[in-house]
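# One predicted model, sequence on top.
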Amino acid sequence: MKVFYLFILICLSFSCKDETRENPPLKGDCFLLGNPWKFYFVDKEGKSIIGLKAGQILPTTEIQPSPYFRPSTIPEGYENNGKSYFYNGNANTIGFEPETGLYFWTTVIPGYEYLTNHSFYIHFNHTDIDTVEVKFRFQYEDVYGGDFTAQVKELRYNGTLVIKNNEYMDKAGIYIQK
């Protein structure tokens, strides 16, 4: 009988092995990666199509396209005091850059732990939806608040490579013509 219990104990110890490092699960927890990249949405003449005027519809990050999407807008009575406008739970920002004379947009980059390839969407309204594809590089180490760090290996906006190894492909920034 002791041999039987010993056999069960050995089987349980091997079945409880933490396999997250050698054989990670297919999908882990969602994370949001902050970044310094500025996106400039411009028309054919190179002028901003986003701004900080009351009623302006703003680009909004969504993990999945949704038929229930409600566009984000600058509220009535908003006074542009030269500061950036944060919205969508502070996941998105609109600001003005005097050097370029253009409004810029920033966003968090959503992903899932263990998934190196991920897509998310930028809604401008119900019909104008852009796709962002990201390839992440993970480093598994003890860090404050978790056990991994994520970096953007590649970021494609509507199929065009705009970020590689955490660097702009074009030093002037990311210009999206709409």
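Perfect, thanks for sending it. Because the structure is a prediction, the values reported are computed rather than measured.

# need the contact list for the residue nearest the centre of the chain.
The residue lying closest to the centre of the chain (CA atoms, centre = their mean) is Ile109, at 1.2 Å. Counting by CB atoms under 8 Å, 6 or more residues apart in numbering, Ile109 touches Leu32, Leu33, Asn35, Phe120, Val132, Val134, Val152, Leu155. Glycine gets a C-beta too; all of them are placed from N, C-alpha and C.

# what does Phe148 give?
Glu113, Phe138, Gln139, Tyr140, Glu141.

# wait, the fourth one sits on Asp147?
Yes: taking CB atoms under 8 Å as the definition, Tyr140 is a contact partner of Asp147 at 6.2 Å.

# More neighbours: which of these two?
Between Tyr140 and Asp147, counting by other CB atoms under 10 Å, Tyr140 is the more crowded of the two (14 against 11).

# State the helix or strand in which that one lies.
strand 129-143 (DSSP states H and E).

# Quick one: mean pLDDT over the helix or strand following that strand.
Tracing the chain C-terminally past strand 129-143 and defining elements by DSSP H and E, one meets strand 146-157 next. What strand 146-157 shows for mean pLDDT is 87.

# Between strand 129-143 and strand 146-157, find me the angle.
150 degrees (axes from the mean of the first three to the mean of the last three CA atoms, to 10 degrees).
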